[in-house]
Structures are given as C-alpha cells and as structure tokens.
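Chemist: Output the structure for:
(chains A and B)
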Amino acid sequence: MRRFPLHLALAFWAVVTAFPLLWAVTSSFKSDSEILTSPWTLPAEPRWDNFSRAWSQASIGQYFLNSVIVVGGALVLTMLFGGLAAYALARYRFPGNRAVYYLFVTSQFFPTFLALVPLFFTVEQMGLLGTKLGLILVYATFATPFTVFFLHAFFRSLPSAVAEAAFIDGCTHWGVFFRVMLPMARPGLVSVAIFNFLGLWNQYLLPLVLNPDPEDYVLAQGLAALSTSQGYQSDWSGLFAGLTIAMLPVLLAYVCFQRYIQAGATAGAVK
Amino acid sequence: MSRAVLTPRVERTDPPAPPPVKPKRRRKLNRGYGFVIGALLPALVMHVVFVVSPYAQAFYLSLTDWNGVAGTANFVGLANFGRLAGDSLFLASIRNNLLLLLLMPAATIGIGLFLATMIQRGSRTGRGGVRGARFYRIVFFFPQLLSVAIVAVLWGFAYNPNNGLINGVLRAVGLGGLARSWLAEPGLALFAVMAVMIWSGVGFYLVLFSAAIDGVPKEIYEAALIDGANGWTTFWRITLPLLRDNVQVAFVYLGMAALDAFALVQIMTVGPGGPDGSTEVMGLSLYRTAFEYGKFGYASAMGVALFFGTLVFALIALRGSGGKDRTELA
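Modeler: Take a look at the predicted model:
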C-alpha cells in the first residue's frame, strides 16, 4: 500500500489526459440536443450519421485527402533530398562542408514567424500560392534542416568498411548511397520519417498563410476554420465527429506502433 | 577547390595519412565531387529559396514601410521599432508571451519530472517502472500526436461555458459555483490557454525524462538507498543532476513554444486575441498586421523583435551548458 499515492498521481494524470479525448469521441456519437443539455453523459444511441455529415457536407473527407497528398509528397521529397544532403555532408570532405551544415542546422532555431511575410511573397511570385505543389515544396524545405541534422549524425556513425568494399567492386557514389548506405541507415530513416510525418501532418501556420482556398484546406486547418466559422457553430455533433475523424486514426496507429513512434517523435531531443 | 580531398570519410582505425593520391584514384575523386554537388543541390536550392532568403528579406523589410505593392517600399530606418515601443497591443503581447515563458516551461518540466520519477519509483527493482508503466506512457503521450490546431479545437469545446466539459464536470460534482466563462474573462483566458499548453506538453517530456532515468545505472540508486537517502534526496541529488542536459533541452523547446502560442490563441480565444487583448501573443499581432492590415514592413519589424527575443532566451537558457560543475556519469 506504500505505492498507493504514487498510483494515484499517475492515474490522475492519465485521467486528465485521456478524459477530454474520450469526451470528444463520445460527443461525436450524440445528437445536438444531447450535447447541449448533458455534456458529459453517454449518448442514448450512437448517431453514425454525424460522421457521414462531417465527412461529406463539412468537407472533412476532402481535407483529409488534401493532407495525405501534401504530407505524403513533402515526406518523400524531404527524405530523399535531406537524406542525400546529410550523407554528402557526413561522409565527404570538401571546402565549405561545415558552412553548409550550419546553414541547414541553425535555421531550426529561427522562429517561423520571422520568415512568414517574405515567404508568402516568394511563393506568390512563383505562382505557387494556394497550390499543392507550393505547399509540398515549403513543407519539405521546412522539414529538411532537422532531417539533415539527425541523419548527419546517423550516417557518421555507420561503419565505412561496407561502403569501401562497394567502391572497390566498382560501385558508383550514387550506387553506394542508394544500395549500401540507405539500407544500412534504415532505423534512422524510420525514426526521422515518423518525426517528420507528425510535424507536417500537424502543421497549422504554414497552410494558414500559403493555402488560402477553402477547397484546398488541409485537415487541421479545415477543422479549425469550421470550429471558428459562425455559420457552422450550430452543428455541434458534426464538429465533434470531424474532430474525432482528425484524432482517431493517428491515435490508433500510435497504439499499434507505439514503440517506434515514441522513439521517432522524441528523436530530436535524445542524443 | 584545389585541394580536392574528396574521399568518402574514412574511419580513424584505417592506416593514417595515405600517400599522395595516385592518378587512377584521382579519376574517382572527381566523380565524388560531382556526387557531392548533385546530392547537395536540391536541398540547398530549396533551403536558400524558401528559408534563407525569406529570413534575410525579413530583416530588410522591417526597415521599410512596405504595404505589399511592388516597388513602393520606402526605407524608414528604425521607425517601425519606435512605433512598436508605443503599440499598446504589441506590448500586451510581449507581456503575455513573457508570462507564458515564465510559468509554462517550469510547470511542464515539473509535472513531467514528477510523473517520470513516480513511474520509476513504483518498480521493485528501481528500474523499468511501476506496474502499468507501459500503459501510462502510452496514454500520457496522446496529446503529443495531435495537431496543435486539433488540440485548440478540442479545448475550445471543453472550455465552452454552456456545454463544455470543464463546467459540466464542475456542475456534476456540485462545484457549479466555480463554473466560468473560461476564455472570455480577461483574468482567466491566458491561464486557460497555458493549461492547454501544459496538458499537451507533459507527455512528451515525461517520455523523454523517463528514458533518461532508465539510462541511469541502477547501482547509483542502490547505493543511495543503502546510504539511507529518501525519495526527495534521491531526486534532488541524483536524478535531477544526471538529467540536467535533458531538462535544459526541454526548457529551450518549451520556451520557444511559449514565445509562439499562436495557434491556440488564434483558434480558441475570442477576437482572436482574447477580451481586452488578454491573450494577444506576438505571432498573432504579426499575422494580423501582415495578412489582415497589409502592413508588411511593420509586421516584419514584429518578426525581428520576436527573433531577438527568442535569441536572447536561447542564449540565456544554454548559458553555462559547458560549465565544469556538470555532473557526469562515471
């Protein structure tokens, strides 16, 4: 029983964390009047139509698809270009190596807000404002510094014997990268890909500024717009259903792949 | 460029100082140079176009009165910064960001460390954790996976005075007198936002601290136990000093989040920016000045102010990280 207060503290925080999430999921099955009159009781009967209404009428389905396209595209670009840059910086000596490395790495510590105004006009002048391509390029660029930082350390820690053997066998530099080093770096790639996925999937500020057309909204942006728009305030159950659609896939995927995701998500802060 | 030392990086265990490069090897080295350029170029071009150049332009724009029309930016020196010093809403935003900076990281780290210690102390062996440790770590981590925008929408609902979760729970347990309009009262709104930041941040740092504690050799804790150290002493004399680096990293990240807070405030609070600017933050001022009022020069000055604020904070937070009184694992 000595451990009782300790369990109490842990259980308390578990409730504080999980209860609002459970409450939102429960509310998404209620009718509007149930939400308004009894905010924290169970629904009398589950209202699945809330979800179909949110998915189609409130465009959550469209937003979800937009998010998948933009984040997927950006993730591929970041991993490819960031991985290449990290590898070249980690394993080749050339003049300016350190300068390029620091050019990438230090930008992580600049507030995004500082770049916001010129970034908006840069994207606009390139004719990419409100396009998926524009958002993909900017997402990928903003995720690259951390990717370089993390994979740089990872590539340096890999042994060079295999690469040297490949060189002796006549493999090209590109071949060594794609066929030897990338497969060897897989654990690091998985961690950084998970980290980037979470970061990009959860982006709010960049799409808010660079993606003004409601049809193109990404999920977080679209849901936030719905919740603050006056016209939609009356459809509480639909909003809760939208919120649940936005939360649940990520949480379920997390419970299944918990080990990898915690390692990936905390990758930045662990040495 | 002349000293073309372009060999793939060689491990230290290899024979030292290779003899002058033979002609046959030289051919391969040049190919390596091409590879380096090809590998760096895409990332570097994108980085310069979308990151380096915007940051550089922001500093210049902050010295102009640009309003978005091409070719009409007049150089006004430091006038924008002079105006900032007299802009009461921006000063309120600085005050609010500083209040967040003062309280939020400390509270988040405090709760995170406390819970991480609880998880560790509950186990019989002093390692691996209390029964159910895995479950706790999974649940505590949930908010970290949600977009800050999603978190804001969720808590916007939860704080709703009529049908929200918080007032609903208060009324259900007979504390209806404490029910408030959380986001509409000037004295409460910023703390309501801060509570959400703490709620969503604790899990991540708990997992981080928990992993660090697991990395401490258990002999150290056993020795402390034999020496008769109680829980508090063990925490202050062993856990905290050994986790110093982790706490510092956490402090820097959380501090940068406290100087941001844009998404929560913009989505959750009325206005946005709260009643009487009580939740106004620098990022929100900047966003509104630029994209609603079109005063891009003035907004850039706000960005520069935010940058220097972040820089000063980071320097203070990282100061002395190389000090000689650091505790290291032997």
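
Chemist: Now do residue 183, the pLDDT please.
Modeler: Just going to use chain A. Looking at A:Pro183, its pLDDT is 91.

Chemist: My question was about chain B, not that one.
Modeler: Confidence at B:Leu183, expressed as pLDDT, is 89.

Chemist: Equivalent analysis for B:Ala189, please.
Modeler: Looking at B:Ala189, the pLDDT reads 93.

Chemist: same check, this time on the one 3 residues further on
Modeler: Model confidence at B:Ala192, expressed as pLDDT, equals 95.

Chemist: Tally up the residues packed near the residue nearest to it when sequence neighbours are not counted, please.
Modeler: With sequence-adjacent residues excluded and distances taken as Cβ to Cβ, 6 or more residues apart in numbering or on different chains, B:Ala192 is closest to B:Trp182, at 4.5 Å. The C-beta positions use only the backbone N, C-alpha and C, and glycine is treated the same way. Residues near B:Trp182, counting by other Cβ atoms under 10 Å in any protein chain shown, number 23.

Chemist: all helices for the stretch 151-300 of chain B, in order.
Modeler: Along the stretch 151-300 of chain B, the segments classed as helices by DSSP state H, counting those that start in this stretch run B:165-172, B:186-214, B:218-226, B:231-234, B:240-242, B:244-258, B:262-268, B:282-291, B:296-318.

Chemist: Check which helices and strands the longest one sits against.
Modeler: Using 3 or more Cβ pairs under 8 Å, 6 or more residues apart in numbering or on different chains; DSSP states H and E as the contact test, the elements touching helix B:186-214 are helix A:4-27, helix B:88-121, helix B:133-141, helix B:148-158, helix B:244-258, helix B:262-268.

Chemist: quick check: angle from that helix to helix B:133-141?
Modeler: On the basis of axes from the mean of the first three to the mean of the last three Cα atoms, to 10 degrees, helix B:186-214 is oriented at 150 degrees to helix B:133-141.

Chemist: Go through helix B:186-214 and flag the buried ones.
Modeler: B:188-213 (16 or more other Cβ atoms under 10 Å in any protein chain shown).

Chemist: Could you check how far the residue nearest to B:Ala192 is from chain A?
Modeler: Distance, B:Trp182 to chain A, using Cβ to the nearest Cβ, to the nearest Å: 13 Å.

Chemist: Now do the contacts for that residue.
Modeler: B:159, B:161, B:164, B:166, B:188-189, B:192 (Cβ atoms under 8 Å, 6 or more residues apart in numbering or on different chains).

Chemist: Is chain A within reach of the helix or strand harbouring B:Gly82?
Modeler: Following DSSP states H and E, one finds B:Gly82 within helix B:79-85. No - on the criterion Cβ under 8 Å from any Cβ of the partner chain, helix B:79-85 is out of touch with chain A, staying 12.4 Å away.

Chemist: Check which helices and strands that helix sits against.
Modeler: Using 3+ Cβ pairs under 8 Å, 6+ apart: helix B:79-85 touches helix B:296-318.

Chemist: how near is A:Pro95 to B:Leu44?
Modeler: From A:Pro95 across to B:Leu44, the span is 15 Å (Cβ to Cβ, to the nearest Å).

Chemist: which of the two has more neighbours?
Modeler: Legend: neighbour count by other Cβ under 10 Å for A:Pro95 and B:Leu44, higher for B:Leu44 (19 against 11).

Chemist: Can you get me a residue count around A:Ile168?
Modeler: So A:Ile168, with other Cβ under 10 Å, has 8 neighbours.

Chemist: related to what we said a few turns ago, relative to A:Val148, which of the helices of the stretch 151-300 of chain B is closest?
Modeler: Checking these against A:Val148 by Cβ to Cβ gives helix B:244-258 as the closest, at 18.6 Å.

Chemist: what residues does the closest one touch?
Modeler: A:109, A:111, A:269, A:271, B:97, B:100-101, B:104-105, B:108-109, B:112-113, B:197, B:201, B:205, B:208-209, B:212, B:240, B:310, B:313-314, B:317-318, B:321, B:326-327.

Chemist: Quick one: buried ones out of those residues?
Modeler: Listed as buried from the contacts of helix B:244-258 are A:111, A:269, B:97, B:100-101, B:104-105, B:108-109, B:112-113, B:197, B:201, B:205, B:208-209, B:212, B:310, B:313-314, B:317; burial here means 16+ other Cβ under 10 Å.

Chemist: A helix includes A:Arg47, no?
Modeler: No - A:Arg47 sits outside any helix when classified using DSSP: H, G, I helix; E, B strand; the rest coil, being coil.

Chemist: Please convert the helices and strands packed on helix B:186-214 to a markdown table, extending it with mean pLDDT.
Modeler: Converted to a markdown table, these look like this (pLDDT from 0 to 100):
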| stretch | mean pLDDT |
| --- | --- |
| helix A:4-27 | 90 |
| helix B:88-121 | 93 |
| helix B:133-141 | 87 |
| helix B:148-158 | 92 |
| helix B:244-258 | 91 |
| helix B:262-268 | 93 |
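
Chemist: I'd like those helices as TSV, with distance to B:Trp232 appended.
Modeler: TSV is the format used below for the helices and strands packed on helix B:186-214 (distance: least, Cβ to Cβ, whole Å):
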stretch	distance to B:Trp232
helix A:4-27	14
helix B:88-121	10
helix B:133-141	21
helix B:148-158	34
helix B:244-258	17
helix B:262-268	34
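
Chemist: where does chain B dip in pLDDT?
Modeler: B:1-31, B:122-129, B:320-330 (pLDDT under 70).

Chemist: do chain A as well
Modeler: Residues of chain A that meet the criterion pLDDT under 70 lie in A:1-2, A:230-234, A:265, A:267-271.

Chemist: who touches the residue positioned nearest the centre of it in this structure?
Modeler: In chain A, the centroid-proximal residue (Cα atoms, centre = their mean) is A:Leu198; its distance is 2.5 Å. By Cβ under 8 Å, 6+ apart, the residues touching A:Leu198 are A:261, A:264-265, B:144-145.

Chemist: mind checking how far B:Ile109 is from chain A?
Modeler: Plainly put, B:Ile109 is 12 Å away from chain A if you go by Cβ to the nearest Cβ.

Chemist: Disregarding flanking residues, what is the spatial nearest neighbour of that residue?
Modeler: In space, and not counting its chain neighbours, B:Ile109 is closest to B:Ala250: 5.4 Å by Cβ to Cβ, 6+ apart.
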